[in-house]
Structures are given as C-alpha cells and as structure tokens.
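> Quick one, structure for this:
(4 chains)
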Number of protein chains: 2
Amino acid sequence: MTETPSRILVVDDEPSITEFVSYALKKEGYNADVVDNGEEAFVLASKNKYDLFILDIMLPGMDGYELCRRLRSKTTSPVLFLSARDTELDKVVGLEIGGDDYLAKPFGVRELIARVRALLRRGAGGDFPGASNSITVSGITLDEDAHTAAGDNGEIDLTPREFELLASLMKSAGKVVSREDLLRDAWGWEYLTETKTVDTHIKRLRDKIAGAGYDPGLVETVRGYGYRFHA
Amino acid sequence: MTETPSRILVVDDEPSITEFVSYALKKEGYNADVVDNGEEAFVLASKNKYDLFILDIMLPGMDGYELCRRLRSKTTSPVLFLSARDTELDKVVGLEIGGDDYLAKPFGVRELIARVRALLRRGAGGDFPGASNSITVSGITLDEDAHTAAGDNGEIDLTPREFELLASLMKSAGKVVSREDLLRDAWGWEYLTETKTVDTHIKRLRDKIAGAGYDPGLVETVRGYGYRFHA
DNA sequence: ACAACAAGTAACATAATTATGACAACCTAA
DNA sequence: TTAGGTTGTCATAATTATGTTACTTGTTGT
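You can find the predicted model right below:
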C-alpha cells in the first residue's frame, strides 16, 4: 500500500459534482485532476498517464461515451461513468461499457470510493481474495465487505445510514467531523437534508451501540463543531 | 494454492466480453492475458507458454478456427471456443479443428469457470486453483461436480439458477454480495434481467433450504446492499 | 439566575426496501 | 404434442428506514 498515488481524471461540467468528487478522492489519497469538457480531457489524457477516468455521460460538446471511445485508442485505463439517473444508463448501454463501471447520481462518498478502488484494483494485477478491508478503533471493528460492525460483545445491527455514519466517524477517529462533512460523506453531495438530521442519526447510532453492550460515549459530541469517534 | 497459477490467453475483439472473462478468471486465481486479434494472439502464444486458450470464433482478420489450426502446430494446450450463435455447426466445426470445448455466448461466470477447470484438469500439467470442487460453509456443502447441495439432513434439491445463486453466495460467504454482482455471477455478463428478479430467486432458494430442513436464515439479507451467506 | 444557543430526545408521517404470491412465457423430456 | 418443471416479471403486502418537527435538557457567558 505504499505505492505512488493513482492519478485520476475527473470530467464533468457541473462544479458541484467535480468539487464533491475531487474532495472525496483527495481525502482518500488519490491524485485527481479536473476538467469540465471532453476536448480538454482528451488533450490531458494524451499528455499524462491516468490510472482511471471518471466521466459524466452528459457533457457539453463531446459526450461521455464519445470521449470514452476516443480514450480507448490511447489507453486501457478503466472508466467510471456518472449518470444523472438510473434510467439513463440502462442495460443496453451497460453492455457497451464492458468492464468499466457506472454510478447513478445520487451517490455518496463511500460508494464512489468503493467503485474507484475496485476499478483500480482490477487494473493493477489481481486482487486479494480473503483480504477483508476493515477498520478497528476502540474495540469496534467495522468490516466493509461483510457490512458489519462488531466488537467483543457481538454485532451491532445498523441501518445503511447508521453504518455510513459510523464509517465516516471511524475513518476520522480522534478528529472532529462537522455535520456538514458527515452529510457529505454519508449522504452524498446532493444532500437536501437538515444538519439537525445528523443529530437524530447520532442518537440512533448511540442507542444501538449501547443496546449491543458497548459504550455510547464512543461517539463524542464536540459542542459547536460536530462529532468525534473516540480513538 | 501453492502452485503457479495457470496461464490463460483470451482472444476476443469485444471488450465487454474480454473484461468479463478476465474478471472471472482472475477472481478464480488464474493468470489471464487478453488480446483482441488473432495475429497478436499467435505471436504471444509463440513466446509464452499458455495452459489454455479461450478464443472467440468470430474475430477480425484471422478467425478463431484459423487461429486454432495454427496454434495446434505450436502447442497441445486445450482450446475453448466462444461463439455468438448456438448452432450445432459451430460446435462441430470447432471441435473438428482441434478445439476441446465450446461455450455459446450468453454464459455466466460459473459456467465458464467450470469449463476452464475441466479443461485444465484434463491437461497433464494443469493446476487447480481451488482444487477441490466443493465448498462447505455453515453446514452446507456445495459440490460443483455433482451439482448438489447437501448437509446433515440430506440433499437440497435446487434448480440450475438456484444452484448458481447459492454458489455465488457461498463463494463469498460472510461478505455482502450485491444484486448486480449476483446477476453477473449467476446469470452472465449479458444479464437483461431486473435486479428485482434476484429477490424472487432468493425467496425460492430459502424455501427449498427450509424445506430440506435447514435454516433459511443462512441466506441473510443486508438491507440496502444485497445478500450475504452466513459464515 | 437568566437569556441565548447547542444538543438530546421522542413522536410521527413519509419513503424506501424487501418479501411474497400469482402469472405467463419458456424449456425439456416423454 | 403434452405435462411438468423452470424462469422472469409484476402487483401487492409487510417491514424497516428516514427526515422533520416540536419539545426537553444542557451549556455558556453575563
């Protein structure tokens, strides 16, 4: 895991999305470039070597498919498509994009990262079956493959949102995470959600942590700033 | 698992298929190279030693038959043909030319792997990633050769699809498998099937598991993500 | 102690996801 | 061809998750 950070080119004309995606990628330690149109993207891709491309399907001028086709003549690096709606990229197109992947638009940081990792892994030789990726902090282990959170007293049963929330907190264990950041991490870039909603979910999360026999105080509140998972 | 993984050369001009096949092979621990035309394939085959060739019959330039004929002068490694059409003619011709097996195109990961394994086993030097053809998890044993699933209470009678589904789940026992992944594994890369259909099959699978005297809860549902076989 | 604000809590309506049963299309073997 | 089994899809029911509001409790600074 000490390799050079992968280079990723993000192509989208919506600043809100590129900002969100590059934020997420950089947070994970990837090296992300951003352009807002296909032509520039093609030029950049010709100059530099990228390990992965993230393309919006709908682009002004050259669209994502067209760009992908042209990229294919230059490189074999995988392509991850973003699409506005689930329907936009249905099965037929799904076949055309072959081994690449796509992500329908209301997606969260963690889902994005999961796809990116999967695609990069595919390119770089084999992946590691059995190597489960999990984090353990303060006696709680979060297993991303099994989608479980557990400790010595057994499993904590969590809803999807609670799981994402806990994951975000644990990934930044020991650091304060603001409600805005939590929303962005666990909800997605287009959260039309009140920051107060986070409080409710924190409460539910704590209840379940307590209910499973662990210390609900693991999720600390930092008044005025947000929450922090105890490290 | 301590032997050198078998080397396989995949020749097809459709990226969606090569991606799918190499994904499947690598997942099983094989070492797969990919080329999209017969000429390159022949060059590669002359340089390296491959334990198996997977050829599309329809190729630009030199077609699969021709390539097979020429490969035969170089090597005795088995050849598996892929064909778009499911015509007897292709099959007969393919086998006459010196092909060893034949797979019509809407095929699934597991069907492909089964053929590959069979062919490699036949060859003298071949190795067996996942040498045993059965998995046992949580009291259920899945025998891939016999195509049976059984435990202490006896056999569970399954339809082909149910068997594939259970196999996919058991191979990733303890990990969540998304509906998309299940479709890819058990249906094939060309699934024009609704992800919702998986639910129905899961239900049928559970019914049969229960009917045979086992715990239908072995197939756990992970709300929001997919299903998981209890490990 | 009080005002002003931040966070915790409970209740509720709505939304989303999954389970289930029924059906028609499809095979395949007799 | 028929009978029997298999498969994909849909409509509906059951279940569970989510977001918001209103209200309570706690904290901070004067």
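> count of neighbours near A:Gly224?
Residues lying near A:Gly224 (other C-beta atoms under 10 Å in any protein chain shown) number 7. C-betas here are computed from N, CA, C, even on glycine.
> how about it, phi and psi?
phi 90, psi -10 (degrees, to the nearest 10).
> A:Gly108 contacts A:Leu182, doesn't it?
No - using C-beta atoms under 8 Å, A:Gly108 is not in contact with A:Leu182; the gap is 11.0 Å.
> any idea how far A:Pro5 is from A:Val35?
Separation of A:Pro5 from A:Val35 (C-beta to C-beta, to the nearest Å) stands at 19 Å.
> more crowded one of the two?
Per other C-beta under 10 Å, whichever of A:Pro5 and A:Val35 has more neighbours is A:Val35, with 19 against 13.
> Work out for me the element A:Val34 sits within.
Assigned by DSSP states H and E, A:Val34 belongs to strand A:31-35.
> For that strand, list every residue counted as buried.
Going by neighbour count (16 or more other C-beta atoms under 10 Å in any protein chain shown), the buried part of strand A:31-35 is A:Ala32, A:Asp33, A:Val34, A:Val35.
> got it, and stretch A:10-25?
Buried residues in stretch A:10-25, defined by neighbour count with 16+ other C-beta under 10 Å: A:Val10, A:Val11, A:Asp12, A:Glu14, A:Ile17, A:Thr18, A:Phe20, A:Val21, A:Ser22, A:Tyr23, A:Ala24, A:Leu25.
> Residues of chain A that sit close to DNA strand D?
Contact residues (C-beta under 7 Å from any atom of the strand) of chain A with DNA strand D: A:159-162, A:187, A:192-194, A:196-197, A:200-201, A:204, A:223.
> go again using 6 Å as the cut-off
Within chain A, the residues that sit near DNA strand D (C-beta under 6 Å from any atom of the strand) are A:Thr159, A:Pro160, A:Arg161, A:Glu162, A:Trp187, A:Thr193, A:Glu194, A:Lys196, A:Thr197, A:Thr200, A:Arg223.
> and these as TSV, adding neighbour count and pLDDT?
As requested, those are arranged in TSV below (neighbours: other C-beta atoms under 10 Å in any protein chain shown; pLDDT from 0 to 100):
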residue	neighbour count	pLDDT
A:Thr159	14	97
A:Pro160	14	95
A:Arg161	16	95
A:Glu162	21	97
A:Trp187	21	90
A:Thr193	14	84
A:Glu194	11	84
A:Lys196	8	93
A:Thr197	15	95
A:Thr200	10	97
A:Arg223	5	95
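> and which of those is nearest to A:Leu103?
A:Trp187 (15.2 Å; C-beta to C-beta).
> How is the closest residue to that closest one other than its chain neighbours assigned, secondary-structure-wise?
Nearest-residue entry for A:Trp187: A:Thr193, 5.8 Å, with adjacent residues in sequence omitted and distances by C-beta to C-beta, 6 or more residues apart in numbering or on different chains. Per DSSP: H, G, I helix; E, B strand; the rest coil, the local secondary structure of A:Thr193 is coil.
> So A:Thr193 is in contact with A:Leu182, correct?
No - counting by C-beta under 8 Å, A:Thr193 does not reach A:Leu182; the two are 10.1 Å apart.
> Among the buried residues of stretch A:10-25, name the ones that also lie close to chain B.
Near chain B, taking C-beta under 8 Å from any C-beta of the partner chain as the test, no member of the buried residues of stretch A:10-25 is found.
> and which of those residues is nearest B:Ala212?
A:Ala24 (45.7 Å).
> now A:Glu194: how far from DNA strand C?
As for A:Glu194, its distance to DNA strand C is 10 Å (criterion: C-beta to the nearest atom of the strand, to the nearest Å).
> who are the neighbours in contact with that residue?
For A:Glu194, the contact set (C-beta atoms under 8 Å, 6 or more residues apart in numbering or on different chains) is empty.
> Could you find the closest non-adjacent residue to A:Leu25?
Of all residues not flanking A:Leu25 in the chain, A:Ala32 sits nearest, at 4.3 Å (C-beta to C-beta, 6+ apart).
> these two touch, right, A:Ala167 and A:Ala173?
No - with contacts counted by C-beta under 8 Å, A:Ala167 stays clear of A:Ala173, the gap being 10.7 Å.
> neighbour count winner among these two?
Ranked by neighbour count (other C-beta under 10 Å), A:Ala167 and A:Ala173 place A:Ala167 first, with 21 against 17.
> Is whichever helix or strand the more buried one is part of positioned near DNA strand C?
Applying DSSP H and E as the criterion places A:Ala167 in helix A:160-171. No - between helix A:160-171 and DNA strand C, judged by C-beta under 6 Å from any atom of the strand, nothing touches; the nearest distance is 7.6 Å.
> list the contacts for the residue nearest to A:Pro78 when sequence neighbours are not counted?
In this structure, A:Pro78 finds its nearest non-sequential neighbour in A:Leu119, 4.2 Å apart by C-beta to C-beta, 6+ apart. The contact partners of A:Leu119, by C-beta under 8 Å, 6+ apart, come to A:Leu52, A:Pro78, A:Leu80, A:Asp100, A:Asp101.
> how does it look with 7 Å?
By C-beta atoms under 7 Å, 6 or more residues apart in numbering or on different chains, A:Leu119 lies in contact with A:Leu52, A:Pro78, A:Leu80, A:Asp101.
> No further queries at this time; thank you.
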